[in-house]
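A.B. asks: Got a sequence here, can you build the structure:
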Amino acid sequence: MSKAQQKSGQSRLSEAPLVGRFAPTPSGFLHLGNVFCSLLAWLYAKRSGGKIVLRIEDLDPQRCSLAKADALARELEWLGLTWDEGAYVSADSDAYFQSRRSDIYAHYFDKLRQADLVYPCFCSRGELHAAEAPHTSDGRIIYAGTCSQLTEAERAAKEKLRRPAWRVRVTDEPICFHDAHYGAQSLRLTEECGDFILRRSDGVYAYQLAVVIDDALMGVTQVVRGCDLLSSTPMQLYLYRLLGFTPPSFCHIPLLTDADGRRLAKRDGDLEISSLRKIYGAPEPIIGLIAYLAGQLERPEPLSAAELLPLFDAAKIPTQNIVVPRDLIHQ
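C.D. replies: Numbering: from 1, shown residues only. Reported below is the predicted structural model:
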């Protein structure tokens, strides 16, 4: 064994076992981009001797369905990306569906409300877009706190006309953290988003609140996800602090894109796992393709997730988004 291999082995043995997670949203079917993220989360956790939790993020009943959640789970199993606890495998499987955790979210939301850390917001989407400047990078609205200074009488009058959303008050101090892939990060919530929504006007709890509560209560110690969610991390770290939870480590990874630079999504039906399964007939060519895109192999070649595990080197994962050559798949 070379000195480099010995050093790599020692560093891996010294890592504490991680608790990672898969957290798919069943609003569509599993596609190559989802599996790219799931495979890397699985490799990080399993390399450390840790485990994976499966949580179904079906907060929005208008967009999500149980049938799609079932299909996602079956396809992950077929790919060999099995999980150790969570939906479909734990005795309390229902507890890993966000749609069935509203009482838990309500409990922590009420703690924030009692501490006067949240307030009702009556602004319509149109009013927000008309009144506030969008974030320069992605068009997000930076909320200026329009409803934060309303008097009780003003709130009561507005509540007669519409149900409010609820926002959390943010501070101007920088939120600093180290991302395992992109390094040191520092953002101010006042400059990135302003006071952000924790509960929608229809009563649905926001992703930012739900994901913090869930990861904390489920014992997740590492979150591996796409770099498009890097800007969400300061909001979540702020909520970890307010709720008194210990945050996990974060590792954001590049996105898989098409030739035009668009992130792979539901529109890319030919890259859904069900379509790729018809092309390849087995999971190993798909895992090998993803391993190649992730910089783990010099060329695509069939292998299982378990066979990839001893080869995994996080330092080889690109930092730039990765274009998926369609001729590589349809050759």
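A.B. asks: How about Pro120, nearest residue that isn't a chain neighbour?
C.D. replies: Take Pro120 and drop its neighbours on the chain: the residue closest to it by Cβ to Cβ, 6 or more residues apart in numbering is Pro164, 3.4 Å away. C-beta here means a position set from N, CA and C on the backbone, and glycine is covered the same way.
A.B. asks: just Trp42 next, same as before
C.D. replies: Leu81 (5.1 Å).
A.B. asks: Surely that neighbour is within a strand?
C.D. replies: No - in this structure, Leu81 is coil, not part of a strand, as judged by DSSP: H, G, I helix; E, B strand; the rest coil.
A.B. asks: Can you give me the distance of it to Glu75?
C.D. replies: According to Cβ to Cβ, to the nearest Å, Leu81 stands 9 Å off from Glu75.
A.B. asks: go on, Tyr280?
C.D. replies: For Tyr280 relative to Glu75 (Cβ to Cβ), the value is 13 Å.
A.B. asks: Name the spans of the protein whose pLDDT lies under the cut-off.
C.D. replies: The chain contains residues with pLDDT under 70 at 1-15, 126-139, 266-270, 330-331.
A.B. asks: Which parts of it are helices?
C.D. replies: Secondary structure of the chain (DSSP state H): helices located at 3-14, 32-47, 66-78, 102-114, 125-131, 152-159, 189-192, 207-217, 233-243, 273-280, 283-293, 305-308, 326-329.
A.B. asks: what about these, which gets the closest to Tyr96?
C.D. replies: Tyr96 lies closest to helix 207-217 among the helices of the chain, at 8.4 Å (Cβ to Cβ).
A.B. asks: what number of residues lie near the closest residue in space to Pro254 that isn't next to it in sequence?
C.D. replies: Nearest residue to Pro254, sequence neighbours excluded (Cβ to Cβ, 6+ apart): Asn321, at 4.8 Å. The tally of other residues near Asn321 (other Cβ atoms under 10 Å) stands at 16.
A.B. asks: swap in Glu154?
C.D. replies: Neighbours of Glu154 using other Cβ under 10 Å come to 12.
A.B. asks: what about it, distance to Cys147?
C.D. replies: For Glu154 relative to Cys147 (Cβ to Cβ), the value is 9 Å.
A.B. asks: Name the residues contacting each of those two.
C.D. replies: When Cβ atoms under 8 Å, 6 or more residues apart in numbering defines a contact, no residue borders Glu154 and Cys147 alike.
A.B. asks: Can you list phi and psi of Ser201 for me?
C.D. replies: phi -70, psi -20 (degrees, to the nearest 10).
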